[in-house]
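Colleague: Next input, structure requested:
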Amino acid sequence: SAARSLLVVFGHEPKKEREIFDLFTKNLIEPGWVGADCSKLLDGVLDFKLGDRESLEDISALANQLVERVEELFFSLDASLKFRAKPVTDPADARSDESDAATVDLRGVGCPLNFVKAKLALEQVQVGQILDVLLDDGEPVKNVPASFADQGQEIVDIKQAGDHHVVRVKRKV
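Modeller: Numbering: from 1, shown residues only. As a prediction, this is how the structure comes out:
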C-alpha cells in the first residue's frame, strides 16, 4: 500500500498490483523520488506473491525504508500536490547531454498561450530534466522565461538560433 499511496498525486488510481508497481517505478523510482533499490523490493514482493520466494525477511529493511520515504514525500506535498522534499537521486545526472532534452516548438504562438503550452510540455518531463522551448523574438522570449522563473523553474540558457530563441528550462518542481 505504500507503493500505491502517492500515485494519486500523479493522477493514477491503479487497482492491480502489477500496474501499481509499474506506475510506482515510472513516477517515483525513475525520476529519483525513491531510491532505485526499491525496485528490488517490488520484484521480491511479486516473487513472493507468485510463490517463487519463501520469505521477505531479507528485504524487510528495504520495506521500512520505503515506508519512511513515502511518508516523507507525503508530508512534503504542497497545495499544488508537488513534493517539497528533494529527490534522493538526480535523474539529470545521467541525462545532462543536450541531445536528451525534450523540445517544444512554440514559434508563432502568442502570449500568454505560449507559456501555457510550454508549462504543459514541462510537466511531461521528469524533475531534473531539461526542456528546450523554441520561441519568437520579442515578448515571447522575455515573458516565458520570466514566468518559468517565477514558478521556481531553472532557466539554464537562452540563446539566439537564427530568427528565434532556444530557452533551456530545467524542471525543478
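
Colleague: for the protein, what spans make up the strands?
Modeller: In the chain, the segments counted as strands under DSSP state E are 102-105, 130-136, 154-161, 164-170.

Colleague: tell me the phi and psi of the residue positioned nearest the centre of the chain?
Modeller: Centroid check for the chain by CA atoms, centre = their mean gives Gln126 as the closest residue, at 2.8 Å. Here is the backbone geometry of Gln126 (degrees, to the nearest 10): phi -80, psi 160.

Colleague: Kindly report the same for Gly51.
Modeller: Dihedral angles (degrees, to the nearest 10) for Gly51: phi 90, psi 10.

Colleague: got the contact list for it?
Modeller: Gly51 sits next to no residue when contact means CB atoms under 8 Å, 6 or more residues apart in numbering. (Each C-beta comes from the backbone N, C-alpha and C, glycine too.)

Colleague: show me where pLDDT drops low in this protein?
Modeller: By pLDDT under 70, the weakly predicted segments of the chain are 90-100.

Colleague: May I ask you to name the longest helix in it?
Modeller: helix 60-75 (DSSP state H).

Colleague: How many residues are close by the residue nearest to Asp37 when sequence neighbours are not counted?
Modeller: Distances taken as CB to CB, 6 or more residues apart in numbering put Leu62 closest to Asp37, at 6.1 Å, once the chain neighbours are dropped. By the criterion of other CB atoms under 10 Å, Leu62 has 19 neighbours.

Colleague: can you check Val104 too?
Modeller: Each residue near Val104 was counted by other CB under 10 Å, and the total is 20.

Colleague: So what pairs up with it in the strands?
Modeller: Val133 (DSSP bridges).

Colleague: Can you tell me how far it is from Asp132?
Modeller: Per CB to CB, to the nearest Å, Val104 is found 7 Å from Asp132.
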